[in-house]
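>>> my questions are about this predicted structure, shown below with the sequence.
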There are 2 protein chains.
Amino acid sequence: MTEMLRDRLPARVRVVEVGARDGLQNEPDPIPTEAKVAFIEALAAAGLDTVEPTAFVHPKRVPQLADAAEVMAALTRQDGVRYPVLVPNAKGLERALQSGVREIAIFSAASDGFNEANIGMTVDASLAGYDALMERAKAEGLWIRGYVSTCFGCPFDGAVAPDRVAEVTSRLLAMGCDELSLGDTIGVAHPLQVEAVVAALVGARVPIEKVAFHFHDTRGTALVNVLAALPLGVGIFDASAGGLGGCPFAPGATGNLATEDLLYLLDGMGIETGVDREAVERATAGIAEALGRQPPGRVYNASRSATRAPVRWPVRSDEA
Amino acid sequence: MTEMLRDRLPARVRVVEVGARDGLQNEPDPIPTEAKVAFIEALAAAGLDTVEPTAFVHPKRVPQLADAAEVMAALTRQDGVRYPVLVPNAKGLERALQSGVREIAIFSAASDGFNEANIGMTVDASLAGYDALMERAKAEGLWIRGYVSTCFGCPFDGAVAPDRVAEVTSRLLAMGCDELSLGDTIGVAHPLQVEAVVAALVGARVPIEKVAFHFHDTRGTALVNVLAALPLGVGIFDASAGGLGGCPFAPGATGNLATEDLLYLLDGMGIETGVDREAVERATAGIAEALGRQPPGRVYNASRSATRAPVRWPVRSDEA
């Protein structure tokens, strides 16, 4: 037998919960602020040490997150938990600072096609546009997460070179980001691509301990990409409670990796996360009630149906 | 960096298509025989070299498969394709032989709790009950597949020892099975269990090239278990077009691994299967029309939604 997987896994993994922002941002109907706050607090109480609560973006562009200041004001923060908010620009940052935010996230992409469709400029131009924001954030001592979209494929440009991913990641690090989250925005990645991207990061001297992967489950490959990343030293993964959200505005992109699905895999393999999966399921059930429908997460739905009584599987019979 | 996955993958994998039997057996409404035949023929035409078409079981127990003889009579068989039918006993075998069947499948389990709930006897008793059937099948020169259910967990007994899986597998081999399919009937397996089961099989001198895995995607872990099995020499996987079926009579068990999802992973990693994924998607679309609803497969559904027009992702704005 070959080298065993069990000898190549990390002891511990950090899970970054993005459900309250990435998961809810595109919901068409209003969700009460108190339901969002209860969701975020339940997620932190479940043991998640990084919970993205909202974004300070223009309320007309993302109406669902127009209550960002109200969410942050109502939120009871737990010691030791980071609550990074997405900020697109200097104005968003000022609003975030007024809300007492201590952690932020900025975003970029590895492909110009996506970036131009998204914010009307090339990746290089958008990175240059962050200079003032980063200076201010650093002066305030904020912890900064940098998202890189389309690291494994772009809905507009197609293939994305791993070296380009490493280059954008390196620049965000040089700009002062404390952690990077590399996204498979349209859910097309496969494990050998994960290896190629990690190899490019290593080649570019990006410290792998600062890198998170943000896989989408659009084609059911999120966990298989997590499994490919684990032996390579990657120890941070983004996930969304219940599998809420995704990026429905990128063609074919639906389906964040469900936090419960990720935890089921990690728990099963004995990798510590400090997160109570059943508590996450209860948080998901709470926000599902506010949404008026059930999210797509596999483990969440399996748990909900596991109370069905066993029935005989009626295939074999001597009368056949 | 550690040993790379890309150097540890097989060049080729065989996919065993179980959609027409395992996928359809529990459908409550009648499906026209001609729709089933068209489905099976489309799957073989897509390049699948093993397509399970039906089962010769008692029509009162599995009404959906009551047309087994009609299906086999109407089917135009393709050279080089195996069409194994499930037979539960000697009577089923005689009906299969009358239909000109050359390949059969028998079934057992790795846990007594499931076997007793399923067919009212222990695993040992059920294996002993196959003696006459196997003798007749061997005399007829049939190719025989042996299913082993609950290899990674039982809805009644809980944990299942890998050594027990290896023991049942060895006995089926000794009885004359040409290929074994080890099932995660309730979809609870994780990659380290896959390693443990393969290690037990190797320890029991089971030839790994005769072993298929039949993973369920109930908790989203089917592909991650495939990925764990590939470097261990496992080269045969069962899947169901569109993710049809599963075993809804075992508590919490829904969701066969979708053939398209498996092919997406294997294609992406450059592993040959000889199967045209888009042709499988068309076969799935055909049976979906007969069913009057869409199956759950991720890639199938992503392909169907990929024609949506791209829309700007409206997060960043200078007005925030």
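Looks like it came in fine.

>>> tell me which helix or strand A:Thr185 sits in.
Taking DSSP states H and E as the definition, A:Thr185 sits outside all helices and strands.

>>> pretty sure it contacts A:His216?
Yes. With contact defined as CB atoms under 8 Å, A:Thr185 reaches A:His216; the gap is 6.7 Å. Bear in mind the C-beta positions are built from the backbone N, C-alpha and C, glycine included.

>>> show me what from the stretch 101-250 of chain A comes close to chain B.
Counting by CB under 8 Å from any CB of the partner chain, the stretch 101-250 of chain A comes close to chain B at A:107, A:117-119, A:126, A:155-156, A:187, A:190-193, A:195, A:198-199, A:202, A:217-224, A:226-228, A:231-232, A:247, A:249-250.

>>> among those, which are in strands?
A:Phe107 (DSSP state E).

>>> select only the buried ones of the residues of the stretch 101-250 of chain A next to chain B in ChimeraX?
Buried residues among these (16 or more other CB atoms under 10 Å in any protein chain shown), as a ChimeraX selection:
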select /A:107,117,118,119,126,155,156,187,190,191,192,193,195,198,199,217,218,219,220,221,222,223,224,226,227,228,231,232,247,249,250
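
>>> inside helices: which ones of the residues of the stretch 101-250 of chain A next to chain B?
A:117-119, A:126, A:191-193, A:195, A:198-199, A:202, A:222-224, A:226-228 (DSSP state H).

>>> can you pull out the strands in the stretch 201-320 of chain A?
A:211-214, A:236-239 (DSSP state E, counting those that start in this stretch).

>>> including mean neighbour count, could these go into a markdown table?
A markdown table is the format used below for the strands of the stretch 201-320 of chain A (neighbours: other CB atoms under 10 Å in any protein chain shown):
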| stretch | mean neighbour count |
| --- | --- |
| strand A:211-214 | 24 |
| strand A:236-239 | 26 |
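
>>> tell me which of the ones you listed approaches B:Leu265 most closely.
Nearest to B:Leu265, of all the strands of the stretch 201-320 of chain A, is strand A:211-214, at 16.7 Å by CB to CB.

>>> quick one: secondary structure of A:Asp79?
Here A:Asp79 is coil, with the state taken from DSSP: H, G, I helix; E, B strand; the rest coil.

>>> residues contacting it?
Contacts for A:Asp79 (CB atoms under 8 Å, 6 or more residues apart in numbering or on different chains) come out as none.

>>> next: A:Leu192.
So A:Leu192 contacts A:Ala228, B:Leu5, B:Arg6, B:Gly268, B:Met269, B:Gly270 (CB under 8 Å, 6+ apart).

>>> pull out the buried members of those.
Applying 16+ other CB under 10 Å to the contacts of A:Leu192 flags A:Ala228, B:Leu5, B:Gly268, B:Met269 as buried.

>>> with pLDDT and distance to B:Pro32 added, can I get these in TSV?
Conversion of these to TSV gives the following (pLDDT from 0 to 100; distance: CB to CB, whole Å):
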residue	pLDDT	distance to B:Pro32
A:Ala228	98	43
B:Leu5	93	44
B:Gly268	97	35
B:Met269	98	38
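
>>> need the max-distance pair from those residues.
Those two in the buried ones among the contacts of A:Leu192 that are separated most widely, counting by CB to CB, are B:Leu5 and B:Gly268, at 12.2 Å.

>>> how about the contacts of A:Leu192, which pair is most distant?
A:Ala228 and B:Gly270 (14.1 Å).

>>> tell me the gap between the helix ranked longest in chain A and the middle of its chain.
Determined from DSSP H, the single longest helix within chain A is helix A:277-291. Its chain's C-alpha centre and that of helix A:277-291 lie 17 Å apart, by CA atoms, centre = their mean, to the nearest Å.

>>> mind checking pLDDT for the nearest residue to A:Pro207 once chain neighbours are set aside?
Using CB to CB, 6 or more residues apart in numbering or on different chains and skipping residues adjacent in sequence, the residue nearest A:Pro207 is A:Leu173, 7.9 Å away. Here the pLDDT value assigned to A:Leu173 is 98.

>>> now for the residue of the stretch 201-320 of chain A found nearest chain B: which residues touch it?
Residue of the stretch 201-320 of chain A nearest chain B, by CB to the nearest CB: A:Gly268 (3.3 Å). Counting by CB under 8 Å, 6+ apart, A:Gly268 touches B:His190, B:Pro191, B:Leu192, B:Gln193, B:Thr221.

>>> low pLDDT regions in the stretch 1-150 of chain A?
A:1-2 (pLDDT under 70).

>>> who touches the residue nearest in space to the middle of chain A in this structure?
Centroid-nearest residue in chain A, with CA atoms, centre = their mean: A:Asp238, separated by 3.4 Å. For A:Asp238, the contacting residues are A:15-18, A:22, A:181, A:183, A:212-215, A:256-257, by CB under 8 Å, 6+ apart.

>>> switch to 6 Å and redo it
A:Val16, A:Val18, A:Ser181, A:Ala212, A:His214 (CB atoms under 6 Å, 6 or more residues apart in numbering or on different chains).

>>> before we move on, back to that, greatest separation within the contacts of A:Gly268: which pair is it?
Checking the contacts of A:Gly268 with CB to CB, the most distant pair is B:Leu192 and B:Thr221, at 11.5 Å.

>>> secondary structure class for the nearest residue to A:Tyr83 once chain neighbours are set aside?
Excluding the flanking residues, the one nearest A:Tyr83 by CB to CB, 6+ apart is A:Pro53, at 5.0 Å. For A:Pro53, the secondary-structure state derived from three-state DSSP is coil.

>>> how much space between A:Pro53 and chain B?
15 Å (CB to the nearest CB, to the nearest Å).

>>> state the number of residues packed around that residue.
Residues near A:Pro53, counting by other CB atoms under 10 Å in any protein chain shown, number 29.

>>> next: A:Gly297.
There are 33 residues near A:Gly297, going by other CB under 10 Å.

>>> ok, it - contacts?
A:Gly242, A:Gly243, A:Ala258, A:Glu260, A:Asp261.

>>> mind listing which of the contacts of A:Leu192 are in helices?
A:Ala228, B:Gly268.

>>> between the contacts of A:Leu192, which sits nearest A:Thr284?
A:Ala228 (26.1 Å).

>>> wait, the closest one sits on A:Gln193?
No. Using CB atoms under 6 Å, A:Ala228 and A:Gln193 do not qualify as a contacting pair, with a distance of 8.6 Å.

>>> show me which residues of stretch A:151-167 are buried.
In terms of neighbour count (16+ other CB under 10 Å), stretch A:151-167 has its buried residues at A:151-157, A:160, A:162-167.

>>> out of those residues, which one sits closest to A:Pro28?
Looking across the buried residues of stretch A:151-167 and measuring by CB to CB, the closest to A:Pro28 is A:Pro155, at 21.4 Å.

>>> and A:Thr218, how far from A:Tyr83?
Per CB to CB, to the nearest Å, A:Thr218 is found 27 Å from A:Tyr83.

>>> wait, I meant A:Glu52
7 Å.

>>> with neighbour numbers in mind, choose between those two.
Each of A:Glu52 and A:Tyr83 has its neighbours counted (other CB under 10 Å); A:Glu52 has more, 27 against 23.

>>> pretty sure that one contacts A:Val18?
Yes. A:Glu52 lies in contact with A:Val18 (CB under 6 Å); the separation is 4.8 Å.
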